[in-house]
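> pasting a predicted model and its sequence here:
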Amino acid sequence: MNITHLNELAMIFRDAIENLSRNGVFIHIGLKRYPRGSCGVVSEFLGRYLLEHGIQSYYICGFKSNASHAWLAVNDYIIDITGDQFDYCNEKIYIGDISLERLGFIAEENDVRKVLINSFDSYLVKKPMYHDYDLILGYISSNKY
């Protein structure tokens, strides 16, 4: 896994979400206030985007008290493009060593699942989510990164 390539894809994807969020075009409430409250849907979307670029990832959801946070695992790394929703994190994109812990959120083995090309099981079965993902891809395509 080329970490530089992974970082480039993450930067492109995050830039698209940030710009579209500012324009108020998203349907999903979490995407409207990105990065706050968007870690689940964004991790699924990013997982799909990476898969479309030949990179398999795993969705991880960790818990702390009554809160949760989601990120992805790719080979020996984790990638998180929503950590800065928390006041104590200023990293817009984090790529680091594989771990079931991120920002104090801890995942159990059963909280990890492969992001499959036909899955999007928790978000994209809802038709409006296809709209938001297509907006992101359209923005990326039209800006020719």
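Yep, that arrived.

> ok, the residue nearest the centre of the chain to residue 143 distance?
Computing the C-alpha centroid of the chain and ranking residues by CA atoms, centre = their mean puts residue 43 first, at 2.4 Å. The gap separating residue 43 from residue 143 is 22 Å, by CB to CB, to the nearest Å. C-beta: built from backbone N, CA, C; applies to glycine.

> mind listing the helices for the chain?
In the chain, the helices defined using DSSP state H lie at 3-22, 29-32, 39-52, 127-143.

> looking at those helices, which is nearest to residue 89?
Set against residue 89 and scored by CB to CB, the helices of the chain come closest in helix 39-52, at 11.4 Å.

> same for that closest one, what does it pack against?
helix 3-22, helix 29-32, strand 58-64, strand 67-74, strand 77-80, helix 127-143 (3 or more CB pairs under 8 Å, 6 or more residues apart in numbering; DSSP states H and E).

> what's the most buried one of those?
Stretch with highest mean neighbour count among the helices and strands packed on helix 39-52: strand 77-80 (a mean of 22; mean count of other CB atoms under 10 Å).

> done for today, thanks.
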